[in-house]
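K.L.:
return a 3D structure for these sequence lines:
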Amino acid sequence: MSSPPVLTSIGTVLIDCFTFLNADGSETKPPLHQIGGGGLYCIIGSRLWLRPEETRILVDTEEMVENRPAQFEDLRVKFGEEMWAWRTSYGASVKALIEYKGKERSFRYETPPNPITPYSFVCTPLVQAKYLHLVSSPLEALSTSAAFESIASSASTSYEGKGWKPRIVWEPHPMFCKPEYLEDLIKAMAVVDVLSPNHDEAAALLSLPPPSTPAEFASLLQTFLDFPTLPLTTSVVLRCGALGACVGTRSGGVRWVPAYWKEEEKEEVRDVTGAGNSFLGGLIAGLEKEGGDIFRAAAYACVSASFVVQQFGLPELVTTVEGEERWNGDLPKDRLEKLWNRMDATSSSSSSS
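P.N.:
Coordinates of the predicted model:
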């Protein structure tokens, strides 16, 4: 039996339908259909750093193999056949509409996702994954943790899920990042290993305006660190878009990790669909590579997001004749080294001033 993967996701694989409109509703260019979904973007964010068998996702055969055979076959082979695990389901393909109208961007499901629960992974190659990426409401986060408790405590010694309690990296669903859900979120903090809203969502939960200064970002993150339900070992990672990430733990304090693309390189950012999901995939890969160091892992996360924002859809992967994987023409490790060098230079400059 093969080793369990480092990561899996309770997230979607779907068809993203991009439309591009003027402010008056007229079309600026033809629609674009790409395979995406929050779960897939997370897995790709980690795939930049991990082998296909180390980062795996559950896919509905009806959704992808039968309804988008040519496009999916290309991805299946390109990213590695070991990355995909299958379950049979029936019904329409899951689709999301991503609309650009003038300067505004909107997202909505055209068909709802097929549900995935912890029990969906039992008797699949994904069982016993070390980390789980979760996008959900607070109550769903609590029920997911409870389901893993039930699976782990199974009385059957031959049960594949026995003892399985993955580390949960939780991305609160934007729909539930509102003040009326704060109490539930505070309860759900107790059962996750990483909490990661974006900065706007975090501020909205607390009925605050979005932060605009480094001090405001740090103060916002500290508020979550100070909630008594947050375990000592749980990290809080605010995803801050073009600014990077604000990362904190109770023992390590609060630190900044900048985005890979600098202000003068903003033309590299073409679409942010999946950027937050891929960030968290990179974060999990970084945790695995860096022995659980959340601050160093956040640099992997920023680099993963840097590849996803360069185009509509997933980044391009080319494997050279020497077996070297190049993503959008670059090596992820080269971008990581550049980012670390920039962070070191900034830290040295701050220390000497």
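
K.L.:
what ranges do the strands span in the stretch 101-250 of the chain?
P.N.:
Counting by DSSP state E, counting those that start in this stretch, one finds strands in the stretch 101-250 of the chain at the ranges 104-109, 131-136, 167-172, 194-195, 235-239, 244-249.

K.L.:
do you know which of those strands lies nearest C42?
P.N.:
Proximity to C42 (C-beta to C-beta) singles out strand 131-136 among the strands of the stretch 101-250 of the chain, at 4.6 Å. The C-beta positions use only the backbone N, C-alpha and C, and glycine is treated the same way.

K.L.:
tell me which strands and helices the closest one is in contact with?
P.N.:
Applying 3 or more C-beta pairs under 8 Å, 6 or more residues apart in numbering; DSSP states H and E, one finds that strand 131-136 makes contact with strand 7-10, helix 38-47, helix 138-152, strand 167-172, helix 275-289.

K.L.:
quick one: least confident helix or strand in the chain?
P.N.:
Ranking every helix and strand in the chain by mean pLDDT, DSSP states H and E puts helix 61 at the bottom, with a mean of 67.

K.L.:
re earlier: okay, the helices and strands packed on strand 131-136 in JSON lines with mean pLDDT next?
P.N.:
Listed next are these as JSON lines, based on pLDDT from 0 to 100:
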{"stretch": "strand 7-10", "mean pLDDT": "96"}
{"stretch": "helix 38-47", "mean pLDDT": "96"}
{"stretch": "helix 138-152", "mean pLDDT": "96"}
{"stretch": "strand 167-172", "mean pLDDT": "98"}
{"stretch": "helix 275-289", "mean pLDDT": "98"}
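
K.L.:
of these, which is nearest T233?
P.N.:
Comparison of the helices and strands packed on strand 131-136 against T233 by C-beta to C-beta identifies strand 167-172 as nearest, at 9.6 Å.

K.L.:
contacts for that closest one next, please.
P.N.:
With C-beta atoms under 8 Å, 6 or more residues apart in numbering as the test, strand 167-172 has contacts from 38, 130-138, 141, 144-145, 185, 188, 191-197, 201, 276-277, 280, 283-284.

K.L.:
hmm, back to that, any idea which of the strands of the stretch 101-250 of the chain is most buried?
P.N.:
Among the strands of the stretch 101-250 of the chain, strand 235-239 has the highest mean neighbour count (mean count of other C-beta atoms under 10 Å), at a mean of 26.

K.L.:
I'd like the mean pLDDT over it, please.
P.N.:
Strand 235-239 shows a mean pLDDT of 98.
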